[in-house]
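1. I would like to see how this sequence folds:
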Amino acid sequence: MELSKVSSFIRSYIADDEGHLGEIYAEAVEQQVPVIRKETRELLKTQLLLLKPANILEIGTAVGYSSLYMTKWIPEGSHITTIEISDERIKKAKQNIASMGKEQQITILEGDAAQVLKTLSDNTYDFIFVDAAKGQYICYLPDVLRVATDGALIFSDNILQDGDVLESHFTVEKRNRTIHDRMREYIYALCNEKCLETSILSVADGVALSVYKQK
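-> Modelled structure (predicted):
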């Protein structure tokens with residue numbers, strides 16, 4: 001069975017966002033801003049409902065859609081800290097967050113995630129959503145583990161890179177080889193770190209669910 005047919009079938013059962021959140025998503029797709037795919041969004045929803053996290057860290061704000069979506073499924077007193085480097089996207093994310101009255105629940109940290117992560121406190125976040133520059137995931141990992149609480153879920157999106165990560169290094173376009181190699185290194189680390197229990201799922205463009213257990 002073709003995977004594209006499976007994906008199409010699954011998406012046919014996923015309802016679109018209602019109201020302003022749906023408008024934010026549609027605008028992001030139209031402007032080719034990378035936003036979470038619908039199948040991944042549904043998986044994210046169920047994990048949030050199951051875990052009821054109090055402190056969420058998102059790496060990769062884009063225009064704020066994922067953060068806003070997550071506020072629908074977390075306890076009222078929960079807080080989201082999200083990191084973004086693009087000035088243009090930060091401006092748009094702030095507008096979107098304000099338009100939905102979520103300024104108190106979502107905090108944007110501006111700058112390179114690799115540097116911003118180093119400023120965050122140890123053992124703080126019980127849910128970490130990684131959805132930024134794919135070639136940097138492996139660089140983020142040491143600090144992601146440092147700021148995670150015992151039992152935290154690390155939700156890594158787009159780990160299959162539209163299938164590129166399955167290919168040999170030499171069959172991937174030269175401009176994508178560094179990202180390819182680093183993503184493979186990241187997946188290996190998730191599956192071999194003694195402090196992590198990881199499941200790799202072929203949802204949309206690939207998801208890794210990793211539970212962090214402190215040593």
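
2. now for the longest helix along the chain, which elements pack on it?
-> Criterion DSSP state H: the longest helix present in the chain is helix 177-192. With contacts taken as 3 or more C-beta pairs under 8 Å, 6 or more residues apart in numbering; DSSP states H and E, helix 177-192 sits against helix 137-147, strand 148-157, strand 196-201, strand 207-212. Every C-beta, even on glycine, is put in place using the N, C-alpha and C of the backbone.

3. Which of these sits closest to residue 9?
-> Set against residue 9 and scored by C-beta to C-beta, the helices and strands packed on helix 177-192 come closest in strand 196-201, at 16.8 Å.

4. quick one: strands adjacent to that closest one?
-> strand 207-212 (antiparallel) (DSSP bridges).

5. May I have the strand it pairs with exported as CSV, CA atoms only?
-> The C-alpha trace of strand 207-212 is given here as CSV (Å, rounded to 0.1, in the frame of the first residue of the first chain):
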residue,chain,number,x,y,z
VAL,A,207,8.3,11.6,14.8
ALA,A,208,10.5,10.5,17.6
LEU,A,209,8.9,10.2,21.1
SER,A,210,11.6,10.0,23.8
VAL,A,211,11.0,9.6,27.5
TYR,A,212,13.8,11.0,29.6
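
6. Pull the distance from it to the chain's centre.
-> Strand 207-212 has its C-alpha centroid displaced from the chain centroid by 11 Å (C-alpha atoms, centre = their mean, to the nearest Å).

7. outside of that strand, which residues touch it?
-> For strand 207-212, the external contacting residues (C-beta atoms under 8 Å, 6 or more residues apart in numbering) are 40, 43, 47, 145, 148-157, 159, 187, 190, 195-201.

8. Helices of this structure, start to end?
-> 3-11, 19-30, 38-51, 65-70, 87-99, 113-116, 137-147, 177-192.

9. Now the last one: average pLDDT?
-> Per-residue pLDDT values over helix 177-192 give a mean of 86.

10. ok, now stretch 75-95?
-> 97.

11. For that stretch, which residues meet the burial criterion?
-> Within stretch 75-95, the residues that qualify as buried are 78-85, 89-90, 92-94, counting by 16 or more other C-beta atoms under 10 Å.

12. now swap in stretch 41-57 and tell me
-> Buried residues in stretch 41-57 (16+ other C-beta under 10 Å): 41, 42, 43, 44, 47, 48, 51, 53, 55, 56, 57.

13. what residues are up against the fourth one?
-> Same thing as residue 44. 36, 66, 69, 70, 129, 155.

14. for the helices of the chain, which one sits closest to residue 214?
-> Short answer: helix 137-147, nearest of the helices of the chain by C-beta to C-beta, at 9.2 Å.

15. Just want the angle from the closest one to strand 196-201.
-> On the basis of axes from the mean of the first three to the mean of the last three C-alpha atoms, to 10 degrees, helix 137-147 is oriented at 140 degrees to strand 196-201.

16. Rounded mean pLDDT for helix 137-147, please.
-> 98.

17. now do stretch 122-130
-> For stretch 122-130, mean pLDDT rounds to 98.

18. cool, stretch 29-38 as well?
-> Mean predicted lDDT for stretch 29-38 stands at 93.

19. can you tell me the distance between the two ends of it?
-> Length of stretch 29-38, first residue to last, C-alpha to C-alpha, to the nearest Å: 11 Å.

20. buried sites along it?
-> 33, 34, 35, 36, 37, 38.

21. Alright, calling it a day.
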